[in-house]
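> Test case, fold it:
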Amino acid sequence: MTRKKKQEMNALPIRKRYGMRFLKAEHIEFLISPDTLHNWIGLSLKERCVFFHRHFGNHRINPTLLRKFYQKHKIKKKKIKWVKHINPDKEAEYEQWRLDLKQQLADLRRDHYRIVFLDEAIFTTKTIRKIEYTPNRRPLRVPQALLN
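Coordinates of the predicted model:
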């Protein structure tokens, strides 16, 4: 870039400093960082832009620019996979419960009882986001413990 072009760019008011060309390497690293994407789970593009401005005081981006930036760097909206993390201290206890219940179930089937299975009746995903921005070819996994 020539000196004249740099002077013209610096002469622009802050509100006109939009566009990919105004993003520096530190801004790009911040936006594509897995930590940033993980911390911003559940935020809309507009809210992400507000947090970007709070982190880099004199730089602003708008949701359209952020969406185009994500497209350029192959960051896509993907389905979130919710996973359960078992406490290692209680793993043996849970395994014993599972074996006991399996034996009780076999006894009830042998006695010709009708069985109704209820699976996780308390946990619901209706109020939780199902898709989120993640880097290309990297699935996003979030522990269900973060919901409580």
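
> contacts, neighbours, all on C-alpha from now
OK.

> So which residues of the protein form strands?
75-79, 81-83, 131-135, 141-143 (DSSP state E).

> Tell me how far the spatially most central residue of the chain lies from Arg138.
The C-alpha lying nearest the average C-alpha coordinate of the chain belongs to Ile41 (CA atoms, centre = their mean; 3.8 Å). Counting by CA to CA, to the nearest Å, the gap from Ile41 to Arg138 is 15 Å.

> Give me the pLDDT for the closest residue to Lys74 other than its chain neighbours.
Spatial nearest neighbour of Lys74, excluding adjacent residues (CA to CA, 6 or more residues apart in numbering): Asn136 at 5.5 Å. For Asn136, the pLDDT comes out at 77.

> burial measure for Asn136, as a count.
12 (other CA atoms under 10 Å).

> Let me see the contact set for it.
For Asn136, the contact set (CA atoms under 8 Å, 6 or more residues apart in numbering) comprises 74-76.

> where does the residue lying farthest from the centre of the chain fall, phi/psi-wise?
The outermost residue of the chain relative to its centre, with distances by CA atoms, centre = their mean, is Asp111 at 47.7 Å. Main-chain torsions, Asp111, degrees, to the nearest 10: phi -90, psi 10.

> what are the phi and psi angles of the residue nearest to Lys74?
Here Asn136 shows phi and psi, under degrees, to the nearest 10, equal to phi -60, psi 140.

> now the helices for the chain?
Counting by DSSP state H, the segments of the chain that form helices are 3-11, 25-32, 34-39, 45-55, 63-72, 91-110.

> As a markdown table, those helices with mean neighbour count would be great.
A markdown table is the format used below for the helices of the chain (neighbours: other CA atoms under 10 Å):
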| stretch | mean neighbour count |
| --- | --- |
| helix 3-11 | 10 |
| helix 25-32 | 13 |
| helix 34-39 | 14 |
| helix 45-55 | 16 |
| helix 63-72 | 15 |
| helix 91-110 | 12 |
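
> closest one to Ile80 among those?
Judged by CA to CA, the one of the helices of the chain that comes nearest to Ile80 is helix 34-39, at 11.3 Å.
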